[in-house]
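Asks: Requesting a structural model of the entry that follows:
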Amino acid sequence: MKLADDPEVETFRAEFSAFLDARLPTEAEARERSRSSGHIPEWARRWQRTLFETGWLLPGQPPEYGGRNATLPQQLAHLEELARRRIYHSFNPQGLGIVAASLLTFGTEEQKRRWAVPILRAEITAALGMSEPEAGSDLAALRTRAVLDGDVFTVNGQKIWTSGAHDADVLLTFVRTDPDVPKHQGLSALLIPTATDGVECRPFGSIAAEDDHDFNEVFLTGVRVPRENLVGPLGEGWRVAGGSLGHERTLLWLSYAERLQNLVDDAADVGGDQEWYATLLMDLTALRLLGYRQLGPDRNPAEISVLKLLGSEAVQTASLHALEAHGPDGLRHPARTGPCHHMNHEPFVSSWFERYARSFAGTIAGGTSEIQRNIIAERLLGLPR
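Replies: The predicted structure is shown next:
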């Protein structure tokens, strides 16, 4: 079910399009590029503040949080317009889409004022401290410990794959506060400023590109965190984590649709057997139609796993085909494989190898494909555990 023909939605879309035509930064203004997902160039900070102040940053939120109380179909139209123009929503995606959104759901009024609004206004940036060396997909197995003494937690442990942590100002960090209860019940969420004594962020490279230093190991040694930085009730970290990933997943399918559309536009001339191209078009259409179903009144939250699984694996399959179809030229790096747009994120149009390598993030982050299959089996198909 696509609701794009709704007059109110189309009026909303046209208003946003006109705003972009009038206010979008120029290529000259946007010369500085982002170093990581925790670094927002100064021009992009100004642009994000403009979006916040005009209600176009997160339209579904009330005005005080950068929105205009938009409906879900209107929010979809907003993201579709950004995707159509290849405009990256925020150069701090975890901060905007997960950390700030989680604070608006679970945080106190003081936490919203002190942390969420500055993140939304791009005055500070945030990263997400979830995964650990032996607790990647199984978040409840994390071992980073936080001991409460009076009004201060002392935190010790390690995080891994913490995107942008070395450039971020604060980490939304999941910790174990009670080791004597079942593992899902003993977790809590803390806001930890990266400048705090005992916090050490070590960026490391990835297979995607020689100069790609987004991932971090984060070591927490005797880190003292005031109780006022506790997000949600003590011991309710599992619920906060579920909400955090829920914010990430709700319209996540649209980002996969955007990547698939980019592949349709950028890889149409690879030649050879065109069956893969037909499959790409069908996957894109199926993903959009299933996504539009989530706008209706009878949507099932578990179906988001179908969208995540279909979208991420379709992007990976199509990216691999494009890489293989280009032969040795597909391995040339740096290279540009799509139109350059100063408001876009460069990895999306980089070499075919990098585009394929980065597709693995989609099948891992936000819940691996294996986890999505388990959710589909248990919650949608009713199969036994």
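Asks: for residue 171, helix, strand, or coil?
Replies: Secondary structure, DSSP: H, G, I helix; E, B strand; the rest coil: residue 171 is strand.
Asks: From residue 292, how far off is it?
Replies: 35 Å (Cβ to Cβ, to the nearest Å). Every C-beta, even on glycine, is put in place using the N, C-alpha and C of the backbone.
Asks: Compare those two (neighbour count), which wins?
Replies: residue 171 (29 against 16; other Cβ atoms under 10 Å).
Asks: partner residues bridging the nearest residue to that one once chain neighbours are set aside?
Replies: Computed as Cβ to Cβ, 6 or more residues apart in numbering, the closest residue to residue 171 that is not its neighbour in sequence is residue 129, at 4.4 Å. The partner list for residue 129 in beta bridges (DSSP bridges) reads residue 173.
Asks: Contact partners for residue 129?
Replies: Contacts here follow Cβ atoms under 8 Å, 6 or more residues apart in numbering; on that basis residue 129 touches 144, 159, 162, 165, 171, 172, 173, 174, 192, 218.
Asks: what about the last one, which helix or strand?
Replies: Right, residue 218. In this assignment (DSSP states H and E), residue 218 forms part of strand 216-226.
Asks: packing partners for that strand?
Replies: strand 152-159, strand 187-193, strand 199-203 (3 or more Cβ pairs under 8 Å, 6 or more residues apart in numbering; DSSP states H and E).
Asks: Give me the sheet partners of that strand and which way each runs.
Replies: By DSSP bridges, strand 216-226 pairs with strand 152-159 (antiparallel), strand 199-203 (antiparallel).
Asks: Just send those back as JSON lines, with mean neighbour count, mean pLDDT and distance to residue 73 too.
Replies: Output for these, formatted as JSON lines (neighbours: other Cβ atoms under 10 Å; pLDDT from 0 to 100; distance: least, Cβ to Cβ, whole Å):
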{"stretch": "strand 152-159", "mean neighbour count": "19", "mean pLDDT": "98", "distance to residue 73": "37"}
{"stretch": "strand 199-203", "mean neighbour count": "17", "mean pLDDT": "97", "distance to residue 73": "39"}
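Asks: Out of those strands, which gets nearest to residue 254?
Replies: strand 152-159 (27.9 Å; Cβ to Cβ).
Asks: The closest one versus strand 187-193: what angle between them?
Replies: 90 degrees (axes from the mean of the first three to the mean of the last three Cα atoms, to 10 degrees).
Asks: CA-only coordinates of strand 152-159, as CSV, when you get a sec.
Replies: Extracted C-alpha coordinates of strand 152-159, given in CSV (Å, rounded to 0.1, in the frame of the first residue of the first chain):
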residue,chain,number,x,y,z
VAL,A,152,28.2,7.5,41.0
PHE,A,153,28.8,4.5,38.8
THR,A,154,32.3,3.1,38.3
VAL,A,155,32.5,1.5,34.9
ASN,A,156,35.1,-1.1,33.7
GLY,A,157,35.0,-3.0,30.4
GLN,A,158,35.5,-2.9,26.7
LYS,A,159,33.3,-2.1,23.6
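Asks: looking at the chain, which helix or strand is least sure?
Replies: helix 237-249 (a mean of 72; mean pLDDT, DSSP states H and E).
Asks: returning to that earlier point: can you tell me which of the strands paired with strand 216-226 is nearest to residue 374?
Replies: Closest among the strands paired with strand 216-226, using Cβ to Cβ: strand 152-159, at 24.1 Å.
Asks: Now do the closest residue to residue 183 other than its chain neighbours, the pLDDT please.
Replies: Of all residues not flanking residue 183 in the chain, residue 140 sits nearest, at 4.4 Å (Cβ to Cβ, 6+ apart). Model confidence at residue 140, given as pLDDT, is 83.
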